[in-house]
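Enquirer: Quick check, what structure comes out for this input:
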Amino acid sequence: MIKALFFDFDGVLTMDKTGSLTTTRYLSHVTGIEHTRVKAAFARFNEDLIRGKCTHASIWDEVCRDIGSNIDIALLDRAFASTPIDDEMLALAKRLRCHYVVGMITDNKQDRMDCLERLHCLSSLFSPVVVSSAVGSTKTERAMFQHALDVCRAKPAECIFIDNTARNLDVPREMGIDAIHFDDEARDVPELTRKLRKRRVVLPA
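Expert: Predicted coordinates:
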């Protein structure tokens, strides 16, 4: 019997494949700086950011130096806020919450998720919200998923994890968690609903 369902954030609950895409695209647009240049300036810090080893504030001077422009860090929150939320997926999560624990497991930056929490009150729908930068582990490691299981007091066989990146399904499957790949280009929520029903997940009308 299923007890908990966990959603990835970017690419599943949002329309963009990654949070880095959302952030760098926005900064490129408002500054007029080529996107590839902005993207490259952030890319070398991405792993440390999602593991909580640094913050955007601590790397900002280096990022600006690499981009070649002194960008106001206040633009960062606006970039985070530009994240395109998928309302259809949120509606699905809300339906599931009637019968199950509905959580989130995401490789993400803490300051970004804090901003989006203030904006969208994500924790009112998803609990727990497990963020890699807070736990110091990513979806390539068991610790991330074990943390979610411990918080929910659930066994792996009682859980489903949904992610848009196929490699992120390997570890939960090894642990015994049922994992579903969500195609972030097709964004076929009815098909995802059918997959859940095949797993005997109850979906209230």
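Enquirer: any idea how far the nearest residue to R37 once chain neighbours are set aside lies from V38?
Expert: Distance criterion C-beta to C-beta, 6 or more residues apart in numbering; nearest residue to R37, sequence neighbours excluded, is I67 at 5.9 Å. (Each C-beta comes from the backbone N, C-alpha and C, glycine too.) I67 sits at a distance of 6 Å from V38 (criterion: C-beta to C-beta, to the nearest Å).
Enquirer: quick revisit: just give the number of residues close to the residue nearest to R37.
Expert: 20 (other C-beta atoms under 10 Å).
Enquirer: what do you get for F161?
Expert: Neighbours of F161 (other C-beta under 10 Å): 25.
Enquirer: residue contacts, it?
Expert: With contact taken as C-beta atoms under 8 Å, 6 or more residues apart in numbering, F161 is in contact with 5-6, 8, 105, 145, 169, 172, 177-180.
Enquirer: Spell out the secondary structure type for it.
Expert: strand (DSSP: H, G, I helix; E, B strand; the rest coil).
Enquirer: On the pLDDT front, check it for me.
Expert: On pLDDT, F161 comes in at 98.
Enquirer: who's it bridged to?
Expert: Judged by DSSP bridges, the bridge partners of F161 are F6, A179.
Enquirer: Kindly provide the distance from it to E34.
Expert: In terms of C-beta to C-beta, F161 sits 36 Å off from E34.
Enquirer: One more: A4?
Expert: For A4, the distance to E34 - C-beta to C-beta - is 43 Å.
Enquirer: With neighbour numbers in mind, choose between these two.
Expert: A4 (22 against 11).
Enquirer: how about the more buried one, what does it touch?
Expert: 100-103, 148, 152, 154, 158-160 are the contacts of A4 under C-beta under 8 Å, 6+ apart.
Enquirer: mind listing which of those are in strands?
Expert: Here DSSP state E is the test, and these give 101-103, 159-160 as lying in strands.
Enquirer: Which one (most neighbours) among these?
Expert: Going by other C-beta under 10 Å, C159 tops the ones in strands among the contacts of A4 with 25 neighbours.
Enquirer: just so I have it, where are all the helices in the chain?
Expert: 19-31, 35-43, 46-50, 56-67, 74-81, 87-96, 110-120, 132-135, 142-152, 170-175, 189-198 (DSSP state H).
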